[in-house]
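In: Show me the folded form of this:
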Amino acid sequence: MTNSVQNSEKKRCGWALSHVDKPFYVEYHDTEWGVPVHDDRQFFEMLILEGAQAGLSWLTILARRETYRAAFDNFDVHKIAAYDEAKQQTLLADPGIIRNKLKIAATIQNARIFIAIQKEFGSFDSYVWNFVGGTPIINHWPTMGDVPVSTDLSDALSKDLKKRGMKFVGTTIIYAFLQATGLVMDHTVDCYRYKELVK
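Out: Model prediction:
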């Protein structure tokens with residue numbers, strides 16, 4: 001177990017403590033969640049992983065993150081966009097990922113649309129940060145119960161991605177994506193990461 005997880009003096013968001021016996025889960029909260037992202041590969045990875053979570057738990061997906069990276073060529077968007085039927089069948093037989101035919105097909109389709117967005121805006125980074133005017137939205141929630149599951153922002157981004165043809169990008173999935181990539185900072189005010197990220 002990492003030192004950050006062992007340090008019980010650190011106050012964390014309630015969701016991070018729901019699986020304190022899973023060091024990788026707490027580590028994700030401590031090092032990634034809510035941190036602004038500007039790397040297109042990371043954006044694509046989180047977009048696909050959040051979509052894979054649909055109907056499941058984030059713990060289920062995060063526990064498979066490394067096997068997802070292996071199965072999907074470390075989320076190389078150009079390689080995924082070129083996947084053929086044979087590759088889809090290989091993925092459907094891979095026990096290390098969620099073997100859902102619709103989600104696998106959506107990953108390939110979403111890769112192609114992601115590339116189209118990059119071509120139109122120069123990068124996905126430029127495209128998505130435009131939705132928040134280039135600056136993270138910093139929220140000040142007292143408890144996790146106060147944190148919404150969707151907002152007008154996630155509605156707008158979801159609508160635009162759907163219009164472009166992406167799948168598994170509903171507003172709830174997209175809000176989780178925005179939280180994960182730091183466009184929205186939703187650590188609760190008593191969480192030690194809140195204090196670090198609002199400096």
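
In: Pretty sure L178 sits against D152.
Out: No. Counting by CB atoms under 8 Å, D152 is not a contact partner of L178; they are 11.7 Å apart. The C-beta positions use only the backbone N, C-alpha and C, and glycine is treated the same way.

In: spatially speaking, which residue is in the middle of the chain?
Out: Geometric centre of the chain, nearest residue: M46, 3.2 Å, by CA atoms, centre = their mean.

In: Find the residue closest to that residue in space, skipping its chain neighbours.
Out: In space, and not counting its chain neighbours, M46 is closest to A180: 5.0 Å by CB to CB, 6 or more residues apart in numbering.

In: Could you pull up the contacting residues of the residue nearest to the centre of the chain?
Out: 37, 177, 180-181 (CB atoms under 8 Å, 6 or more residues apart in numbering).

In: quick one: which helix or strand includes it?
Out: For M46, the host element (DSSP states H and E) is helix 40-52.

In: So for that helix, what gets flagged as buried?
Out: By neighbour count with 16 or more other CB atoms under 10 Å, helix 40-52 contains the buried residues 40, 42-52.

In: what's the helix or strand following it packed up against?
Out: Using DSSP H and E, the next helix or strand after helix 40-52 towards the C-terminus is helix 58-62. Counting contacts by 3 or more CB pairs under 8 Å, 6 or more residues apart in numbering; DSSP states H and E, helix 58-62 packs against helix 23-31, helix 40-52.

In: Would you format the ones you listed as a markdown table with mean pLDDT included?
Out: Shown next, in a markdown table, are the helices and strands packed on helix 58-62 (pLDDT from 0 to 100):
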| stretch | mean pLDDT |
| --- | --- |
| helix 23-31 | 96 |
| helix 40-52 | 98 |
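
In: Phi, psi for Y83 please.
Out: phi -60, psi 140 (degrees, to the nearest 10).

In: What is the neighbour count of it?
Out: 19 (other CB atoms under 10 Å).

In: And it, how far from T181?
Out: With distances taken as CB to CB, to the nearest Å, Y83 is found 24 Å from T181.

In: ok, now E66?
Out: 19 Å.

In: Over to A82?
Out: Distance of A82 to T181, computed by CB to CB: 25 Å.

In: How about I138?
Out: Distance from I138 to T181, by CB to CB: 14 Å.

In: again with L56
Out: From L56 to T181 the distance is 19 Å (CB to CB).

In: These two: which has the busier surroundings?
Out: T181 (26 against 11).

In: Hmm, E45 and that one touching each other?
Out: No. Judged on CB under 8 Å, T181 makes no contact with E45 at a distance of 9.8 Å.

In: Give me the pLDDT for M1.
Out: We have a pLDDT of 38 for M1.

In: Check the one 3 residues further on too.
Out: Looking at S4, its pLDDT reads 45.

In: same deal with Q118?
Out: 98.

In: residue contacts, the nearest residue to it once chain neighbours are set aside?
Out: In space, and not counting its chain neighbours, Q118 is closest to F124: 5.5 Å by CB to CB, 6+ apart. Under the criterion of CB under 8 Å, 6+ apart, the neighbours of F124 are 40, 43-44, 114, 117-118.
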